[in-house]
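Asker: Could you work out the structure for the sequence below:
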Amino acid sequence: MRIALGLQYDGAAFCGWQSQPHGRTVQDEVERALKAFATVPLHTVVAGRTDTGVHALGQVLHFDTDLDREPFSWVRGVNAFLPPSVAIQWSKPVSDAFHARFAAFERTYFYVLYVHPVRAPMLAGRAGWVHTPIDVDAMREAARHWIGEHDFSSFRSADCQSKTPVKHLYDIDIKTRGAFIHFRFRANAFLHHMVRNLMGCLLSVGRGREQPEWAATVLAARDRKVAAPTFMPDGLYLADVGYPAEFDLPPANLRSEAWSEVWGV
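Answerer: Got it, this is the predicted structure:
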């Protein structure tokens, strides 16, 4: 039997999703909790391997098991063994045709940026921060150069394991709300550090260090060295993963007042 799970986590205390020999990871915590509930080891496959400090609102994973449990039993049972910063949101039996990573046809990331002369301690780890004014219209103009299917090598980490740097970036939406700027990135898939590298370039334009047309130059170069530095992970959230309707998965749990007011979800 194959089980799909929806997951949320605060990534600030973790060294990313993927298990590693040294360092606390979300995968380690989830698989430890699954083993405690199921009494047997269960290996997970995830939709997107988030980096150190990156959060998830709509992460999806699957595992195979011979155990027969009611869907909500997996939610309640596994959550009993997880730390407060990680929680299963839903569980659903799926066919063997489902694969958390390869069946996904799109991913959506949010980035939350706090713009203020002084940092806010309560936002540490949960929002990016800049202390200088930002030209949002210039960033929107720059972002338009990246929409479509392109080789995004200029925004690719040296550690990226993707087979190809060619991705289809569907949308970059940018909205302001008080002292916050909210970014929404939607693509068929993302390279390692791609959103944070896009953010670094957008902020170079927003701060007036580069003109919006520079975004096209960076993309065409296909060279990471010509782009801006990787921006901080604090405000980055894996918001949603899209799957074909045939799998009938529950939607990502984005119904908080904060998200609904910004994006209408």
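Asker: drop to CA atoms for contacts and neighbour counts, all remaining ones
Answerer: Fine.
Asker: longest strand in the chain, by residue count?
Answerer: In the chain, taking DSSP state E as the definition, the longest strand is strand 166-177.
Asker: Each with direction, which strands does that strand pair with?
Answerer: strand 148-151 (antiparallel), strand 180-187 (antiparallel) (DSSP bridges).
Asker: Show me the strands in the chain, by range?
Answerer: Going by DSSP E, the chain shows strands at 2-9, 45-46, 55-64, 86-94, 106-115, 128-130, 148-151, 166-177, 180-187, 236-242.
Asker: Tell me which of those strands sits nearest to Ala33.
Answerer: strand 86-94 (10.5 Å; C-alpha to C-alpha).
Asker: So what are the sheet partners of the closest one and their directions?
Answerer: strand 2-9 (antiparallel).
Asker: Rounded mean pLDDT for the strand it pairs with, please.
Answerer: Averaging pLDDT along strand 2-9 gives 97.
Asker: For it, output the C-alpha coordinates as PDB.
Answerer: Provided in PDB are the C-alpha atoms of strand 2-9 (Å, rounded to 0.1, in the frame of the first residue of the first chain):
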ATOM      1  CA  ARG A   2       1.300   3.500  -0.800                       C
ATOM      2  CA  ILE A   3       0.400   6.400   1.500                       C
ATOM      3  CA  ALA A   4       0.700  10.100   0.700                       C
ATOM      4  CA  LEU A   5       1.100  12.600   3.500                       C
ATOM      5  CA  GLY A   6       0.800  16.400   3.500                       C
ATOM      6  CA  LEU A   7       3.400  18.100   5.800                       C
ATOM      7  CA  GLN A   8       4.100  21.500   7.300                       C
ATOM      8  CA  TYR A   9       7.300  22.400   9.100                       C
END
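Asker: Contacts for that strand, please.
Answerer: If you take C-alpha atoms under 8 Å, 6 or more residues apart in numbering as the criterion, strand 2-9 is touched by 26, 55-65, 85-96, 100, 252.
Asker: Centre-most residue in the protein?
Answerer: With distances taken as C-alpha atoms, centre = their mean, the residue of the chain nearest its centroid is Leu238 (2.3 Å).
Asker: before we move on, the earlier item: going through the contacts of strand 2-9, which ones are buried?
Answerer: Buried by 16 or more other C-alpha atoms under 10 Å: 26, 55-64, 86-94, 100, 252, out of these.
Asker: what sits opposite the residue nearest to the centre of the chain in the beta ladder?
Answerer: Taking DSSP bridges as the rule, Leu238 bridges to Ala56, Tyr109.
Asker: Quick check, it in contact with Gln59.
Answerer: Yes: assessed by C-alpha atoms under 8 Å, Leu238 is found in contact with Gln59 at 6.6 Å.
Asker: who touches the residue nearest to the centre of the chain in this structure?
Answerer: Applying C-alpha under 8 Å, 6+ apart, the residues near Leu238 are Thr50, Val54, His55, Ala56, Leu57, Gly58, Gln59, Arg107, Thr108, Tyr109, Phe110.
Asker: With distance to Ala33 as added columns, please give those residues in a markdown table.
Answerer: Converted to a markdown table, these look like this (distance: C-alpha to C-alpha, whole Å):
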| residue | distance to Ala33 |
| --- | --- |
| Thr50 | 19 |
| Val54 | 21 |
| His55 | 19 |
| Ala56 | 18 |
| Leu57 | 19 |
| Gly58 | 19 |
| Gln59 | 17 |
| Arg107 | 26 |
| Thr108 | 27 |
| Tyr109 | 26 |
| Phe110 | 27 |
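Asker: how close does Ile134 sit to Arg207?
Answerer: According to C-alpha to C-alpha, to the nearest Å, Ile134 stands 5 Å off from Arg207.
Asker: swap in Pro71?
Answerer: Going from Pro71 to Arg207 by C-alpha to C-alpha gives 48 Å.
Asker: which of these two has more neighbours?
Answerer: Arg207 (18 against 15; other C-alpha atoms under 10 Å).
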